[in-house]
Structure formats: structure tokens, C-alpha cells
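Asker: Quick one, structure for this:
(one chain, ligands or ions: 1)
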Amino acid sequence: MEVDLARVPRGHQADRLAGELRASVRSGTLRAGTRLPASRTLAGDLGVSRGVVVRAYELLAAEGYLLSRQGSGTTVASVAGGDELPPVTPDRPVSNPGLPSGDTFPRAAWARCASRALATLTDDELGYGDPAGLPRLREELARYLGRVRSVLAPPERIVIVNGFAQASRLVADVQRATGDPRIGVEDPGSVGMREQLVAGGLTCVAIPVDGDGLRVDALAASGVRAVVVTPAHQFPTGIVLAPERRHSLLQWARDGGGLVVEDDYDAEFRYDRTPVGALQGLGPDVVLYGGSVSKTLAPGLRLGWMAVPPPLLTAYREAKYAADLSCGVLDQATLAEFLARGEMDRHIRRMAVEYRRRRDALAAAAATHLPGWTVAGTAAGLHLVLHPPTGDDEVLAAAAQAAGLDARPLSRYGVAAARPGLVVGYGHRPAADLTRAVAAFGGRRR
Ligand SMILES: Cc1ncc(COP(=O)(O)O)c(C=O)c1O
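Answerer: The predicted structure is shown next:
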């Protein structure tokens with residue numbers, strides 16, 4: 001045994017020795033059945049008192065790594081899967097073209113709100129709260145969503161969730177319970193959201209999107225009773241759902257007892273005009289509205305909300321309770337403060353200027369360095385789509401990435417053959433980097 005216990009303080013020697021022995025058993029260096037030296041012998045070898053070795057052996061015997069039998073000494077137990085655990089690395093990083101800028105996260109304002117939230121949370125509020133979320137956050141959200149997104153929902157109809165990802169999962173849970181496991185999704189559309197629905201036991205039915213948004217005629221023909229849409233800024237094409245489609249979508253829901261799930265993921269950011277209000281404002285009876293702070297603040301906060309039509313409210317409250325009881329109360333209270341003090345409005349105003357600058361830089365660089373390419377979609381959000389004159393978008397995306405662009409092939413987002421395109425994220429890249437990367441990409445293509 002090569003363990004140097006000489007420099008280890010007396011009171012910690014047994015723990016250190018146990019740690020070394022445990023690691024050796026896990027890694028297989030000490031194989032099952034190996035007989036360990038008698039405590040007196042090992043203590044002599046290591047220059048420690050016998051009690052240190054006895055305590056280490058006893059601890060490992062209690063944990064199941066060693067076997068101690070009267071008369072036969074101490075042997076190594078057989079430990080299933082005894083390999084050392086590999087270091088934790090995110091083996092499935094979330095691939096997302098719509099990341100907000102991390103370096104402009106309002107740390108100071110968030111910290112002030114968190115500190116105030118901690119100071120004002122009551123002892124009771126630190127217990128298991130309402131599964132639908134902290135009442136004061138739901139009140140602030142009802143005001144904010146009404147003012148900024150024209151959402152019609154009193155606080156009682158709001159359910160706080162861990163981002164739209166959890167909202168999708170709860171949609172799956174509630175929808176599955178109705179006995180109809182099929183749900184319509186936009187094609188092309190969000191891959192992550194489809195994954196949540198499928199993981200929740202639903203079958204996704206692709207409904208095509210054209211230049212006016214979701215094809216409601218195709219939705220009606222599909223026979224599904226629920227559909228997820230991104231009306232303000234279709235993901236990933238950037239199309240705004242046309243006014244007549246909005247009306248026919250609501251009509252479809254009202255006529256057939258259908259449900260429209262509105263994913264309002266990045267609607268606060270519109271650069272050419274005031275954002276179009278949420279569809280939910282026109283149809284609070286048939287639209288389940290969902291949003292989150294993932295684009296306005298940071299996806300890592302995992303905070304979002306749903307505004308639920310009254311007949312479904314109990315089912316969604318129960319689904320949230322069954323999933324994880326409720327969201328973390330400190331973050332909820334912090335967000336409530338952040339909204340109440342006008343910090344959200346200030347941050348969005350500041351970021352809209354910056355994101356617009358980034359989008360303009362990307363579009364201008366594309367016009368200069370990518371002849372024949374077109375920029376598609378409305379001036380909004382944190383990503384845009386670039387269409388090449390020709391070419392395989394998998395190959396083009398690889399070349400664009402090599403040049404430093406956050407680009408993904410449009411074909412990955414849909415099942416029906418779409419025009420080749422690149423979905424390019426610009427929210428998290430400074431304007432100068434975007435210009436440089438497009439120039440490098442264009443240079444390689446000449
Ligand atoms: C289409 C779409 N909806 C919603 C979201 C937000 O998901 P969440 O709130 O779980 O972070 C994203 C994130 O990228 C998205 O692309």
C-alpha cells in the first residue's frame with residue numbers, strides 16, 4: 001500500500017486510509033477475495049497507530065467494500081460495477097440556436113432581487129408551496145403577460161413550470177390521460193419540444209408550415225385534437241402566423257373541442273415593429289399558453305409559465321404536482337421581484353437594441369459575402385434562417401460551423417422536404433464575430 005499518512009492530521013488518518021482503500025477496490029486494483037494485511041502489520045508499515053487501520057477496515061466493512069470474518073482476517077468484497085465513475089461531462093449538450101447572450105445577464109439586478117426575495121420570503125413560503133407556483137409570481141406574471149403579450153389570464157390560471165420543456169411534458173401527461181396519444185406539431189419545428197412530447201408518451205403528427213404559418217387545412221385533415229404552435233415567430237422559419245390563420249386555428253379548436261398549445265418562446269424580441277400579441281388573447285378558452293425566461297434572461301434558470309384554459313386547470317395543477325411538487329421558491333420569488341421592479345422591462349429594452357445590432361450585422365454580412373443567399377423570416381428573436389441558392393444544408397452547416405457560425409441545417413428540423421437552409425443563432429455572438437464568421441464562410445465558398 002502506497003499511502004502517505006505522515007502529513008495527514010491524526011484525526012483524519014482513518015478517513016484518508018479508508019478513501020484510498022475504497023478507491024482501490026472500486027478501480028479493481030484490489031481484487032475481490034484479496035486478503036488485506038492484519039491491522040497491526042499495516043499500521044506498522046504506514047507508521048500509524050493500529051486504531052487508525054481498525055477504524056478504516058470497520059468503516060469499509062460497514063459500507064460493504066471489505067469482509068471481516070473472525071479467524072479469516074479481512075478480505076476484499078466483490079463490488080459490482082466497481083470501476084471508478086468517469087468524471088461528469090455533459091454528454092448530451094442541448095443544441096440550441098436560440099441562446100441569449102450570457103455575458104449580458106443582469107447579474108447585479110438579479111442578485112438584488114434574490115437578496116430581497118430571501119429577506120421577504122416567509123417561513124411558511126419555504127415549505128411545500130402551491131404546485132401551481134408562488135402566488136406573488138403568478139400575480140406579477142399575470143400583469144406582465146397581459147401588458148407585454150396581451151395574454152388574458154388571471155393569476156389563478158397560471159402554473160409555474162421549469163421552462164417550456166416541462167410545459168410540453170405536462171401537455172403530454174394530460175393529453176395521454178385523455179386516451180388520445182396523438183398531437184400535431186409544426187413541420188419544420190422544434191426538435192427538443194418533440195422529444196419532450198414523445199418522452200411523455202405522445203405520437204407527434206407533422207403538420208406543414210407554409211409562408212403564412214401552420215396549414216390549418218392540413219391540421220383539420222390530420223384528425224389530431226391538439227397541436228403545438230409558435231404563432232409569434234415560427235420556430236425555426238421565423239414566419240408570423242397570418243391573421244386569417246389565427247382565426248381559422250381558433251375556429252378549428254372551438255368546432256372540434258381541440259386544444260392549441262402556444263409556444264411563445266421569443267416573442268418579446270421583435271425589431272421591425274411592436275411584437276404581435278399572443279394568440280391566447282384571442283382564444284383563452286382553447287389556447288394553453290406557454291413561455292419562459294430562456295430567451296429574455298437565461299435558459300439555465302429553468303423558469304417558465306403556462307396560462308391554462310379553465311376546464312384543464314385542475315389537470316395541469318395535478319400533473320405539475322405529480323411531476324415534481326412545484327418549482328424552487330427562491331427563484332420564483334426572485335423573478336417576482338425582478339418583474340415588480342421593472343427590471344425585466346429594462347433588460348428587454350436593452351437587449352432588443354443589442355440583438356437587433358447583431359441580427360443586422362449578420363444579415364448585412366450575408367448580403368455582402370454570400371451572393372445569391374436570402375435571409376428568411378421576420379426581424380425577431382435570436383436566430384434567423386439563411387437560404388442558399390443550392391446545396392446540401394448538412395454540408396453547408398458543417399462549413400459554416402468551421403468558419404465560426406452557430407449554424408444548423410434546416411433539414412434537421414422537419415420531416416417533409418424543406419428548402420435547404422441554415423438556422424443561425426446570433427443572440428449569443430457579438431456583432432463583430434458574426435461579421436467575421438460570415439466573411440470567412442463566404443471566403444471558403446469562393
Ligand atoms: C421552439 C422553442 N420553444 C421553447 C423554447 C424554450 O424552452 P425552455 O423554456 O424549456 O428553455 C425553446 C428554446 O430554445 C425553443 O426553441
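Asker: pLDDT weak spots in this protein?
Answerer: 1, 80-94, 417, 445-446 (pLDDT under 70).
Asker: Let me see the ranges of the strands in it.
Answerer: Using DSSP state E, the strands found in the chain span residues 66-69, 73-76, 158-161, 182-187, 203-210, 213-214, 226-229, 259-263, 287-292, 304-307, 374-376, 383-387, 406-409, 422-425.
Asker: So which of those is nearest L152?
Answerer: strand 304-307 (7.9 Å; C-beta to C-beta). Yep, even glycine has a C-beta here, placed from its N, CA and C like the rest.
Asker: what packs against that closest one?
Answerer: Secondary-structure packing of strand 304-307 (3 or more C-beta pairs under 8 Å, 6 or more residues apart in numbering; DSSP states H and E): helix 135-149, strand 158-161, helix 163-177, strand 287-292.
Asker: My read is that V191 contacts Y413, right?
Answerer: Yes - in this structure V191 lies within contact range of Y413 using C-beta atoms under 8 Å: 6.1 Å.
Asker: Which one's more surrounded, these two?
Answerer: Y413 (22 against 16; other C-beta atoms under 10 Å).
Asker: Not counting residues beside it along the chain, what's closest to the more buried one?
Answerer: Using C-beta to C-beta, 6 or more residues apart in numbering and skipping the chain neighbours, the partner closest in space to Y413 is P188 (3.8 Å).
Asker: residues touching that neighbour, list them.
Answerer: 209, 236-237, 410, 413-414, 416, 418 (C-beta atoms under 8 Å, 6 or more residues apart in numbering).
Asker: Next, format the helices and strands packed on strand 304-307 as a markdown table and append distance to V79 and mean neighbour count.
Answerer: Shown next, in a markdown table, are these (distance: least, C-beta to C-beta, whole Å; neighbours: other C-beta atoms under 10 Å):
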| stretch | distance to V79 | mean neighbour count |
| --- | --- | --- |
| helix 135-149 | 47 | 19 |
| strand 158-161 | 40 | 27 |
| helix 163-177 | 36 | 23 |
| strand 287-292 | 43 | 27 |
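Asker: can you put those in JSON lines and add distance to the ligand?
Answerer: Shown next, in JSON lines, are these (distance: least, C-beta to the nearest ligand atom, whole Å):
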{"stretch": "helix 135-149", "distance to the ligand": "14"}
{"stretch": "strand 158-161", "distance to the ligand": "8"}
{"stretch": "helix 163-177", "distance to the ligand": "3"}
{"stretch": "strand 287-292", "distance to the ligand": "3"}
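Asker: between the ones you listed, which gets nearest to R270?
Answerer: helix 135-149 (11.3 Å).
Asker: got the contact list for the closest one?
Answerer: Applying C-beta under 8 Å, 6+ apart, the external contacts of helix 135-149 come out as 132, 151-156, 158, 160, 264, 267-268, 275, 277-278, 280-281, 289, 291, 305, 307, 332-333, 335-336, 339-340, 344-345.
Asker: mind checking how far it is from the chain centre?
Answerer: From the chain centre to the centre of helix 135-149 is a distance of 22 Å (C-alpha atoms, centre = their mean, to the nearest Å).
Asker: Give me every residue in the stretch 151-300 of the chain lying close to the ligand.
Answerer: With C-beta under 6 Å from any ligand atom as the criterion, the stretch 151-300 of the chain meets the ligand at residues 163-165, 190, 193, 230, 235, 263, 265, 292, 294, 299.
Asker: closest to C327 among these?
Answerer: Once C-beta to C-beta is applied, the member of those that ends up nearest C327 is G163, at 9.7 Å.
Asker: mind listing the helices for the stretch 301-446 of the chain?
Answerer: In the stretch 301-446 of the chain, the helices defined using DSSP state H, counting those that start in this stretch lie at 313-324, 329-340, 343-369, 393-402, 431-445.
Asker: how about the contacts of P188, which pair is most distant?
Answerer: P236 and A416, at 14.0 Å, using C-beta to C-beta across the contacts of P188.
Asker: Which one's more surrounded, these two?
Answerer: When P236 and A416 are compared for neighbours, P236 comes out ahead with 30 against 11, by other C-beta under 10 Å.
Asker: where's that one relative to L297, distance?
Answerer: Distance, P236 to L297, using C-beta to C-beta, to the nearest Å: 21 Å.
Asker: ChimeraX command to pick out the buried ones of the contacts of helix 135-149?
Answerer: Command for ChimeraX, covering only those of the contacts of helix 135-149 found buried under the criterion 16 or more other C-beta atoms under 10 Å:
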select :132,151,152,153,155,158,160,264,267,268,275,277,278,280,281,289,291,305,307,332,333,335,336,339,340,344
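Asker: list the contacts for the spatially closest residue to L46 that is not a sequence neighbour?
Answerer: Nearest residue to L46, sequence neighbours excluded (C-beta to C-beta, 6+ apart): L5, at 5.4 Å. Contacts were defined as C-beta under 8 Å, 6+ apart; by that measure L5 touches 13, 16-17, 46-48, 52.
Asker: switch to 6 Å and redo it
Answerer: By C-beta atoms under 6 Å, 6 or more residues apart in numbering, the residues touching L5 are 13, 46, 48.
Asker: ok, the last one - how many residues close by?
Answerer: Meaning V48. 21.
Asker: Over to the first one?
Answerer: The number of residues packed around Q13, counting by other C-beta under 10 Å, is 22.
Asker: for the second one, same thing?
Answerer: Taking other C-beta under 10 Å as the neighbour definition, L46 ends up with a count of 19.
Asker: coming back round to it: comparing the helices of the stretch 301-446 of the chain, which comes out most buried?
Answerer: helix 329-340 (a mean of 22; mean count of other C-beta atoms under 10 Å).
Asker: Tell me which residues are up against that helix.
Answerer: Residues outside helix 329-340 that contact it (C-beta under 6 Å, 6+ apart): 113-114, 116-117, 121, 125, 129, 133-134, 136-137, 140, 144, 303, 344.
Asker: same deal with stretch 367-382?
Answerer: By C-beta under 6 Å, 6+ apart, the list of residues contacting stretch 367-382 reads 98, 233, 237-238, 240, 266, 269-272, 363, 366, 384-389, 427, 438-439, 442.
Asker: which of these count as buried?
Answerer: By neighbour count, with 16+ other C-beta under 10 Å, the contacts of stretch 367-382 hold 98, 233, 237-238, 240, 266, 269-271, 363, 366, 384-388, 427, 438-439, 442 as buried.
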